[in-house]
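>>> Fold the following for me, if possible:
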Amino acid sequence: MRTAVIGLLILINYILQTSVWPQMAILGVTPETALIFIVGYGLLRGDVEGAIFGFSAGILQDIFSGGPLGMFALLGFLTGYASGKPFRDFFKDNYFLPFFMVLVAVLAQQLVIYVSSFLFLGYLNLAQFAWTIILPTTIYTACLSIPLYSLLHFINGRIERWESERRNLFEGDRE
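All right, here's what the predicted structure looks like:
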């Protein structure tokens, strides 16, 4: 059940990120909603599941973006792992930590994209790239991080309740 819901969430996010969000671009940038879900899932479920979620979302983006295959998968993997590793025991209803983690993840991803895609091509104006792409993308994504994290938190809670009820149902049969 969890795998199907998470797979559907990744697919719906990708469809929205390629069809709806470009229509709602602000200053020519769109939010990185996949990063919000990767960070949120890592925080809610831990490092291993966060890394798997990040890799899955990233490989889907890699396949259809036409860029270097594996870059977003690696970034998603590392983001999911880093989000879940040190914060296993944090209060899941705390929305400041996901907000802060999304800010850091977007900044890191945008800097990696700048280095791997633009710096090697001779585009050396980091200040202009930061002002026109990194900063607006970070702000736009951060504004959406709390509502999307709450949605993910709600979905995760429903799945955990369903899994708990299902586990209790089968444990009762053993007695």
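
>>> In the one helix or strand R167 maps to, which of the residues would be classed as buried?
In this assignment (DSSP states H and E), R167 forms part of helix 135-174. For helix 135-174, the neighbour count (16 or more other CB atoms under 10 Å) marks 136-138, 140-142, 145, 148-149, 152-153, 155-156, 159 as buried. Every residue, glycine included, has its C-beta placed from N, CA and C.

>>> Closest one to L103 out of these, please.
Relative to L103, the closest of these is A142; by CB to CB it sits at 5.4 Å.

>>> The closest one and P98 touch, don't they?
No: using CB atoms under 8 Å, A142 is not in contact with P98, being 10.1 Å away.

>>> quick one, what contacts S145?
S145 makes contact with 36, 39, 98-99, 102-103, according to CB atoms under 8 Å, 6 or more residues apart in numbering.

>>> Turn those into JSON lines, columns for neighbour count.
Output for the contacts of S145, formatted as JSON lines (neighbours: other CB atoms under 10 Å):
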{"residue": "I36", "neighbour count": "27"}
{"residue": "V39", "neighbour count": "33"}
{"residue": "P98", "neighbour count": "27"}
{"residue": "F99", "neighbour count": "16"}
{"residue": "V102", "neighbour count": "30"}
{"residue": "L103", "neighbour count": "16"}
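
>>> now those as CSV including secondary structure, pLDDT and distance to A4?
Below are those laid out as CSV (DSSP: H, G, I helix; E, B strand; the rest coil; pLDDT from 0 to 100; distance: CB to CB, whole Å):
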residue, secondary structure, pLDDT, distance to A4
I36, helix, 95, 21
V39, helix, 94, 22
P98, helix, 89, 24
F99, helix, 93, 28
V102, helix, 94, 25
L103, helix, 94, 31
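
>>> of all these, which two lie farthest apart?
I36 and L103, at 10.7 Å, using CB to CB across these.

>>> Is P68 in a helix, a strand, or coil?
coil (DSSP: H, G, I helix; E, B strand; the rest coil).
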